[in-house]
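Trainee: here's a sequence, model it:
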Amino acid sequence: MHVIYQADNLFDAHLVKHALEDAGIPAFVFGESLLGGMGELPLFAVLRVCVPDLARPEADDIVARLDLGTAPDDPIFDGDESAGLLPA
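Mentor: Residues are numbered from 1 along each chain as shown. Next up, the predicted model:
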């Protein structure tokens, strides 16, 4: 098994899993049952989507086409002058 995608949340993990399965690649989400173990606290680097080793090249292409990108480190950035302001 090869980790093809490390998800930040359950939605992304299942999005990747279903995209891979639609292409005929068996995919598995590991770490899903650990999410409730810490209650309300977020866990990072727990969710992993894995595929068989032979499916890795095709799976890499599929995940890249999903364009999940990365979340910005800071949800409010300097260029956003309206951040935190309520509409008048």
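
Trainee: ranges for the strands of the chain?
Mentor: For the chain, the strands defined by DSSP state E cover 2-7, 28-30, 47-51.

Trainee: and the last one, what does it pack onto?
Mentor: The reference is to strand 47-51. Counting contacts by 3 or more CB pairs under 8 Å, 6 or more residues apart in numbering; DSSP states H and E, strand 47-51 is packed against strand 2-7, helix 10-22, strand 28-30. All C-beta spots, glycine's among them, are computed from the backbone N, C-alpha and C.

Trainee: next, the angle from that strand to helix 10-22.
Mentor: Orientation of strand 47-51 against helix 10-22 (axes from the mean of the first three to the mean of the last three CA atoms, to 10 degrees) gives an angle of 10 degrees.

Trainee: bridging residues for the closest residue to residue 6 other than its chain neighbours?
Mentor: In space, residue 6 comes closest to residue 48 once its chain neighbours are excluded; the distance is 5.5 Å by CB to CB, 6 or more residues apart in numbering. Beta-bridge pairing for residue 48 (DSSP bridges): residue 6, residue 30.

Trainee: separation between residue 48 and residue 3?
Mentor: Separation of residue 48 from residue 3 (CB to CB, to the nearest Å) stands at 5 Å.

Trainee: neighbour count: the two, which is higher?
Mentor: The residue with more neighbours, out of residue 48 and residue 3, is residue 48; 18 against 11, by other CB atoms under 10 Å.

Trainee: quick one: contacts for that one?
Mentor: 3, 5, 6, 7, 13, 29, 30, 31 (CB atoms under 8 Å, 6 or more residues apart in numbering).

Trainee: same check on residue 31?
Mentor: Counted by CB under 8 Å, 6+ apart, residue 31 has contacts 46, 47, 48.

Trainee: where does this protein dip in pLDDT?
Mentor: Within the chain, the stretches with pLDDT under 70 are 35-45, 69-88.

Trainee: swap in 90 and give it another go.
Mentor: Per-residue confidence for the chain (pLDDT under 90) gives these ranges: 1, 7-11, 31-47, 67-88.

Trainee: nearest to residue 63 among the contacts of residue 48?
Mentor: Comparing the contacts of residue 48 against residue 63 with CB to CB picks out residue 5 as the nearest, at 5.3 Å.

Trainee: no more questions from me, cheers.
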